[in-house]
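S.K.: Take a look and give me a structure for this.
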Amino acid sequence: MCADSGNLMAIAQQVIQQQQQQQQQQHHQRHHHLPPPPMPIPMPPRQAPPVPALPHGQISAASYNGGGAWPHSEHFFADAFVGAPPAADAVFSDLPGPADFDSDGWMESLIADAPVFADSDLDRLIFTTPPPPVPIPAPAAEPVEAAVHQTKAAAPATLPQTAATAAPAAACSSPSALDASCSAPILQSLLACSRTAEADPGLAAAELVKVRAAASEGGDPAERVAFYFADALARRLACDGGARPSTAGFASDELTLCYKTLNDACPYSKFAHLTANQAILEATGAATKIHIVDFGIVQGIQWAALLQALATRPEGKPSRVRISGVPSPFLGPKPAASLAATSARLRDFAKLLGVDFEFVPLLRPVHKLDRSDFSVEPDEAVAVNFMLQLYHLLGDSDEPVRRALRLAKSLNPSVVTLGEYEVCLNRAGFVDRFANALCYYMSVFESLGVAMARDSPERARVERCVFGERIRRAIGPEEGAERTDRMAGCKEWQTLMEWCGFEPVQFSNYAMSQADLLLWNYDSKYKYSLVEQQPAFLSLAWEKRPLLTVSAWR
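M.R.: Predicted coordinates for the structure are as follows:
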């Protein structure tokens with residue numbers, strides 16, 4: 001199940017409740033001839049960051065804060081903090097009645113449609129994984145130092161100083177310039193093992209025994225990260241010796257709980273969807289027909305907030321919203337049934353909003369698609385979404401990524417949104433890749449550890465089922481299916497996007513302020529920050545280290 005499913009159910013339930021309240025108030029006013037009640041104005045928290053006024057049709061960070069009330073007026077910025085619902089007559093004034101919407105059935109269908117996952121399917125609910133590209137010989141990789149990012153020195157004047165800061169160290173730093181997150185002795189021992197593994201795998205295996213004895217999946221963040229990296233390195237050494245380590249699958253209900261836990265504890269996916277959706281909303285403007293092309297769609301639940309924003313545009317609702325869904329490969333060779341369920345859920349929600357909606361599944365493999373498959377109409381505003389998707393096409397050759405980007409460009413989109421992890425794991429050599437991944441996941445584990453107790457079984461489940469498998473895929477053997485997580489930093493994505501003829505689009509002040517406001521829903525707000533990177537990248541950072549980057553292009 002997609003991590004945002006809880007938000008989607010909350011949206012539907014709130015819409016229904018608000019409609020019922022509206023009907024009751026209208027009935028009361030008709031019989032008693034009373035004027036409409038005044039709209040409540042919640043007081044914002046004293047330290048909340050200032051944000052611009054929220055016009056109708058905009059996407060609010062509050063809509064991503066655990067299913068809180070969905071604000072549609074500048075009065076409701078603080079509802080994520082104070083919990084005051086908007087007045088019923090201020091929202092959804094023209095929506096159809098809720099009688100035909102079965103929210104319980106919707107949730108049951110989400111659970112019923114969840115597939116059974118093998119280990120190779122892990123995290124594809126959000127982070128979809130196409131088959132790894134065929135390796136193509138390439139020149140020697142450039143030093144990791146060449147990928148150092150240039151960041152802005154200060155936040156824009158229109159944002160609070162905590163909203164956007166410069167990263168103190170590049171996300172793709174070399175082992176000689178590792179940040180303090182990897183200074184723990186157990187992590188230094190792991191790094192030494194990774195260096196030894198290149199020259200003497202037998203000696204590395206012997207040293208690794210000591211590291212594994214000190215590591216623990218129930219320890220502090222460094223010990224937990226070491227536990228999974230030591231396991232992944234042991235698997236790699238076993239593969240180099242000719243053995244194939246056994247792997248175990250995870251039940252779909254376990255993964256469902258993992259993604260809900262992760263989405264509640266950390267703002268990463270909410271930040272990505274909020275920022276990309278706002279860019280799409282602004283780029284499509286007052287278009288009457290909007291066509292969204294979603295590469296790697298599973299449940300499509302992230303589109304609920306966008307549909308709601310479109311339903312309340314000052315210019316009026318679009319005459320039609322169409323989503324063309326290119327399915328995630330994890331849905332299997334026959335994804336039609338799953339996409340039919342996705343279509344039904346989104347259709348039900350759009351009907352509740354009074355939006356004419358169409359979902360079109362595209363069942364052919366991506367490399368076999370061309371422009372004609374999307375049936376783009378001349379009067380449609382097209383938005384293409386690559387959310388945590390393209391990095392799976394990275395390899396020794398850039399051609400699979402360029403092919404996908406050329407396909408997107410052929411649709412003449414108003415905007416292309418791109419979300420990627422901010423770490424270099426593609427063309428770096430093994431030692432550099434190991435070090436980059438170690439420091440990256442150390443920050444991720446710290447952010448999860450702050451949000452959840454050390455003895456939390458839910459936290460342990462997330463780290464085991466989600467991050468443990470991603471770590472294994474990041475540092476697997478150089479060839480074959482064991483290594484499929486080939487992430488890249490924003491400079492590599494800039495090169496690829498510009499090579500394919502795209503230019504960056506700056507995020508609006510409103511989009512950035514809403515992203516910053518989102519962070520205030522988390523106790524560890526002061527450890528999260530937004531980092532701007534040239535030319536137009538916006539990253540969510542932990543302790544000022546960028547971890548996930550979103551950008552928009554045209």
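S.K.: Go ahead and confirm residue 326 touches residue 295.
M.R.: Yes. Assessed by C-beta atoms under 8 Å, residue 326 is found in contact with residue 295 at 4.8 Å. Using the backbone N, CA and C atoms, a C-beta is placed for each residue, glycine as well.
S.K.: quick one, what contacts the nearest residue to residue 297 once chain neighbours are set aside?
M.R.: Distance criterion C-beta to C-beta, 6 or more residues apart in numbering; nearest residue to residue 297, sequence neighbours excluded, is residue 325 at 3.8 Å. Neighbouring residues of residue 325 by C-beta atoms under 8 Å, 6 or more residues apart in numbering: 294, 297, 300, 339, 342-343, 359-362.
S.K.: most neighbours, which of the residues you listed?
M.R.: Neighbour counts for the contacts of residue 325 peak at residue 297, which has 31 neighbours (criterion: other C-beta atoms under 10 Å).
S.K.: My guess is that residue contacts residue 335. True?
M.R.: No. Residue 297 is beyond contact range of residue 335, at 9.4 Å (criterion: C-beta under 8 Å).
S.K.: any idea of the mean pLDDT in the helix or strand harbouring residue 462?
M.R.: If you go by DSSP states H and E, residue 462 is part of helix 457-462. For helix 457-462, mean pLDDT is 92.
S.K.: after that helix comes which helix or strand?
M.R.: Next helix or strand after helix 457-462 toward the C-terminus (DSSP H and E): helix 468-474.
S.K.: on that earlier part again, which ones among the contacts of residue 325 are found in helices?
M.R.: Residues of those located in helices (DSSP state H): 339, 342-343.
S.K.: circling back: look up the residues that both of residue 297 and residue 335 are in contact with.
M.R.: Residues touching both residue 297 and residue 335 (C-beta under 8 Å, 6+ apart): 327-328.
S.K.: distance of the nearest residue to residue 535 once chain neighbours are set aside from residue 381?
M.R.: Leaving out its chain neighbours, the residue that sits closest to residue 535 by C-beta to C-beta, 6+ apart is residue 504, at 4.6 Å. The gap separating residue 504 from residue 381 is 19 Å, by C-beta to C-beta, to the nearest Å.
S.K.: which of those two has more neighbours?
M.R.: The neighbour count for residue 504 versus residue 381, taken as other C-beta under 10 Å, is higher for residue 381 (20 against 17).
S.K.: could you dump stretch 458-475 to PDB, C-alpha only?
M.R.: Taking Å, rounded to 0.1, in the frame of the first residue of the first chain, the C-alpha atoms of stretch 458-475 are listed here in PDB:
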ATOM      1  CA  GLU A 458       7.900  -0.500  14.400                       C
ATOM      2  CA  ARG A 459      11.200   1.300  13.900                       C
ATOM      3  CA  ALA A 460      13.100  -2.000  13.800                       C
ATOM      4  CA  ARG A 461      10.600  -3.300  11.200                       C
ATOM      5  CA  VAL A 462      11.000  -0.300   8.900                       C
ATOM      6  CA  GLU A 463      14.800  -0.500   9.100                       C
ATOM      7  CA  ARG A 464      14.800  -4.300   8.400                       C
ATOM      8  CA  CYS A 465      12.200  -4.500   5.700                       C
ATOM      9  CA  VAL A 466      12.900  -1.200   3.800                       C
ATOM     10  CA  PHE A 467      16.300   0.200   4.500                       C
ATOM     11  CA  GLY A 468      18.200  -3.100   5.100                       C
ATOM     12  CA  GLU A 469      17.200  -4.300   1.600                       C
ATOM     13  CA  ARG A 470      18.000  -1.000  -0.100                       C
ATOM     14  CA  ILE A 471      21.400  -1.000   1.500                       C
ATOM     15  CA  ARG A 472      22.000  -4.500   0.200                       C
ATOM     16  CA  ARG A 473      21.000  -3.500  -3.300                       C
ATOM     17  CA  ALA A 474      23.200  -0.400  -3.200                       C
ATOM     18  CA  ILE A 475      26.500  -2.100  -2.400                       C
END
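S.K.: If we go by neighbour counts, what in it is buried?
M.R.: Within stretch 458-475, the residues that count as buried by 16 or more other C-beta atoms under 10 Å are 458-459, 461-475.
S.K.: now swap in stretch 189-205 and tell me
M.R.: Buried residues in stretch 189-205 (16+ other C-beta under 10 Å): 189-191, 193-194, 196-197, 201, 204-205.
S.K.: Give me the subset of the residues you listed lying in strands.
M.R.: If you go by DSSP state E, these have nothing in strands.
S.K.: Tell me the one of those residues nearest residue 453?
M.R.: residue 190 (25.0 Å; C-beta to C-beta).
S.K.: Can you tell me how far the closest one is from residue 548?
M.R.: 24 Å.
S.K.: what do you get for residue 439?
M.R.: Per C-beta to C-beta, residue 439 is found 15 Å from residue 548.
S.K.: in the stretch 201-350 of the chain, which spans are strands?
M.R.: 289-297, 320-327 (DSSP state E, counting those that start in this stretch).
S.K.: tilt between the last one and strand 289-297?
M.R.: So the one you mean is strand 320-327. Per axes from the mean of the first three to the mean of the last three C-alpha atoms, to 10 degrees, the angle that strand 320-327 makes with strand 289-297 is 20 degrees.
S.K.: Please point out which parts of strand 320-327 sit buried.
M.R.: In strand 320-327, counting by 16+ other C-beta under 10 Å, buried: 321-327.
S.K.: quick one: which of those is nearest to residue 494?
M.R.: residue 326 (23.7 Å).
S.K.: And the helices in the stretch 301-450 of the chain?
M.R.: Using DSSP state H, counting those that start in this stretch, the helices assigned to the stretch 301-450 of the chain run over residues 303-311, 336-353, 399-410, 430-451.
S.K.: now swap in the stretch 151-300 of the chain and tell me
M.R.: Secondary structure of the stretch 151-300 of the chain by DSSP H, counting those that start in this stretch: the helices cover 185-199, 201-214, 221-240, 252-265, 268-284.
S.K.: Could you identify which of those helices is most buried?
M.R.: Neighbour counts (mean count of other C-beta atoms under 10 Å) averaged over each of those peak at helix 268-284, with a mean of 25.
S.K.: So for stretch 368-379, what gets flagged as buried?
M.R.: For stretch 368-379, burial by neighbour count (16+ other C-beta under 10 Å) applies to 369, 374, 376.
S.K.: State the distance from the closest residue in space to residue 449 that isn't next to it in sequence to residue 529.
M.R.: Take residue 449 and drop its neighbours on the chain: the residue closest to it by C-beta to C-beta, 6+ apart is residue 221, 4.8 Å away. Using C-beta to C-beta, residue 221 is found at 19 Å from residue 529.
S.K.: where in the stretch 1-150 of the chain is pLDDT low?
M.R.: Across the stretch 1-150 of the chain, the ranges flagged by pLDDT under 70 are 1-57, 62-150.
S.K.: ok, back up a step: so which of the buried residues of stretch 368-379 comes closest to residue 452?
M.R.: Among these, and counting by C-beta to C-beta, the member closest to residue 452 is residue 369, at 40.7 Å.
S.K.: OK, contacts around the closest residue in space to residue 379 that isn't next to it in sequence?
M.R.: Nearest residue to residue 379, sequence neighbours excluded (C-beta to C-beta, 6+ apart): residue 289, at 5.6 Å. Contacts for residue 289 (C-beta under 8 Å, 6+ apart) come out as 318-322, 377, 379-381.
S.K.: Next up, the contacts around residue 324.
M.R.: Residues in contact with residue 324 (C-beta under 8 Å, 6+ apart) are 291-294, 360-362, 374.
S.K.: shared neighbours of residue 326 and residue 295, which are they?
M.R.: Contacts common to residue 326 and residue 295, judged by C-beta under 8 Å, 6+ apart, are residue 366.
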